[in-house]
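>>> Fold the following for me, if possible:
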Amino acid sequence: MFETLNKFFKFCDKENRRKFYGSILVGIINSFFMALRIAAVSVMLTGVINATVEKEPFQLNSIWISLGILAVSTIGAIITKKITAMWQCEGGYRTCANKRIEIAEHLRYLPMGYFNENSLGEITSVTTNTMEAVGDVATRAVMMVLQGLLDSILIIIMIMFYEWKVGLVALAGFALFEFVNLFMRVAVKKVSAEKIVDDAAEIGKVLEFIQGIAEVKSYNLAGQRQSELNKVINKRKKTLIKMEMRCIPVSNIQSLVAKLTGVAIMMVSISSYLNGTMVLANCVVMLVCAFLLFNLLEAGGNYSALLRVIDLGVSKANAILNLPTMDIEGSDFKPENCNIEAKDLDFAYDKKKIIDGISLNIPEKTTTAIVGPSGGGKTTFCHLLARFWDVDKGSVSLGGKNVKDYSMDSLMQNYSFVFQSVYLFHDTIANNIRFGQPDAPMEKVIEAAKKACCHDFISALPEGYDTVIGEAGASLSGGERQRISIARAIMKDSPVIILDEATANVDPENERDLIEAISALTKEKTVIMIAHRLKTVRHADQIVVIDKGRIAEQGKHEELVANGGIYAKFIEARKEAVSWKL
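Okay, the predicted model is just below:
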């Protein structure tokens, strides 16, 4: 238990760790105030018993002393309880909020291969379900378990102060209770790990089902996919039930031990009174303590099983935070020029070689078109130029400096991207456009939108630039999303533009506007484009044909057509495709 709590406290940042430590200290004071109830009861009972049994005159000051102690106990307990609860709630929830941000920042600097190897559901689960559970459970479990522990220990000390023999019985019962509680934590250890896995599987399957709903419907697979989703949901349900069923028997034994401890205290106290070794007032106080003790033990013990959830949640988050990032400790450079040079690049993904010895010079303010068969390595090569991955061998330089010498943020300031698959956020159109410059005024947003040829259709929307678009831009057409993406890149105004199949999936009626938008974006820029359409590559300053991870051909359009190689066949195939008529 203490190992788990220590692990959680280390997981907290410095400020929130202080809140938890402070809450423990205030919790000790709270336990002291709670224990004062026993002193108040003792004073009152002594006065009453002496007056009724011993026939002594009743001392009125007993009432006032008892009420005074009870008032101090109640007021002190309320104040300290509030402070403890607030600090632990703030510590728990703020820790998880900060860790979500820290994980997001850490993910920015992981190689892109991590996102290929790990499902979106697993990553999402850690930042949502897992952190939510840690936040909720930490505030309850830490508060209840520690407070129950502190209160129980202090009551046992108070019992020792009155009757040490009864105190030994209480201590033995407490030790037995903690021993049984250890079995509860062991019992849920394995199933807690299963719960974390099932949480990730459920989120992954739900995301897959929602994101692929169009394909599911078009192939009439709704029933099959629904069945798979239901299967994952039912498995998680069974795991949760199994977790509860593992806890219930041990929890019942725990409860029995707590109650038997109370019974034992009562029996020893009554026996001592009957034998004449304990006065009646102390005997009655011990009976009250017996009820207090087993209630406190049960309250803390029932929450202790949740410590395993904290343990696993912290381990899951740390597993991501401990992943080695790319070396991002470079310096903030502003390159003198935007010449890009790749030297002898090698790169393998999952033991499969994708890039094999590519060398290429891209002078600034020129356009380089990357073409070639699907799966040849075009996109991976462009990602290496922008350092989405680190190369296995060779080097990439921007402005004469190795990209590894740049800090990641200063390097990314030099690149803008327009991908084939555009992602827009569930936010206003204006905020999606100003994504790279959150504080940009509306005038700049509109200027960028006009250059990207999307001002007219945005103005026609009900709320104009304040229209909130659906997640991933689902409420817009493909061409509209592309143009907003281009407006976003225009706003960033980076000197290097990478276009990855930017016009591949655009309707013919949108293509003219899109090409005009790309022309506005790429003016006076260093442009690297992956393209399949002849009109987008024939005027490039150089065309690079990549096949099987190597540069198969390189030159201008006319030269490559005359060579009769892969590019010439590519052009011929495109001409034949265009000539088809219905």
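>>> for the residue minimising distance to the centre of the chain, helix, strand, or coil?
Note on the chain: the residue nearest the mean C-alpha position is residue 127, at 1.8 Å, using C-alpha atoms, centre = their mean. At residue 127 the chain is in helix, as set by DSSP: H, G, I helix; E, B strand; the rest coil.
>>> For it, give me its contacts.
Residues near residue 127 by C-beta atoms under 8 Å, 6 or more residues apart in numbering: 100, 103, 104. Heads up, the C-betas are built off the backbone N, CA and C, glycines and all.
>>> helices and strands around the top helix by length along the chain, which ones?
When the chain is parsed with DSSP state H, its longest helix is helix 222-274. When contacts are defined as 3 or more C-beta pairs under 8 Å, 6 or more residues apart in numbering; DSSP states H and E, helix 222-274 packs onto helix 164-187, helix 189-211, helix 280-304.
>>> Against which helices or strands is the next helix or strand after the longest one packed?
Meaning helix 280-304. Downstream of helix 280-304, the next assigned helix or strand under DSSP states H and E is helix 307-321. In terms of contacts (3+ C-beta pairs under 8 Å, 6+ apart), helix 307-321 is packed against helix 2-11, helix 60-108, helix 131-137, helix 189-211.
>>> Compute the inter-axis angle for helix 307-321 and helix 2-11.
If you take axes from the mean of the first three to the mean of the last three C-alpha atoms, to 10 degrees, helix 307-321 sits at 40 degrees to helix 2-11.
>>> can you list the residues that contact the helix or strand just after helix 307-321?
Using DSSP H and E, the next helix or strand after helix 307-321 towards the C-terminus is strand 340-349. Applying C-beta under 8 Å, 6+ apart, the contact partners of strand 340-349 are 113, 116, 353-362, 364, 380-381, 384-385, 389, 391-398, 496, 526, 528.
>>> now stretch 549-559
Counting by C-beta under 8 Å, 6+ apart, 353-360, 372, 376-377, 537-546, 560, 563, 565-567 sit against stretch 549-559.
>>> mind listing which of those are in strands?
Applying DSSP state E to the contacts of stretch 549-559, the entries found in strands are 353-360, 542-546.
>>> among those residues, which ones are buried?
354, 355, 356, 358, 360, 542, 543, 544, 545, 546 (16 or more other C-beta atoms under 10 Å).
>>> Per-residue pLDDT of the closest residue to the last one other than its chain neighbours, please?
Yep, that's residue 546 we're talking about. Nearest non-adjacent residue to residue 546, counting by C-beta to C-beta, 6 or more residues apart in numbering: residue 372, 4.2 Å away. With respect to pLDDT, residue 372 scores 83.
>>> how about residue 372, what does it touch?
378, 545, 546, 547, 552, 566.
>>> can you put those in TSV and add pLDDT and distance to residue 76?
TSV is the format used below for these (pLDDT from 0 to 100; distance: C-beta to C-beta, whole Å):
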residue	pLDDT	distance to residue 76
378	86	71
545	89	80
546	90	75
547	87	79
552	88	81
566	82	83
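>>> what sits against residue 31?
Contacts of residue 31 (C-beta under 8 Å, 6+ apart): 147, 150, 151, 153, 154.
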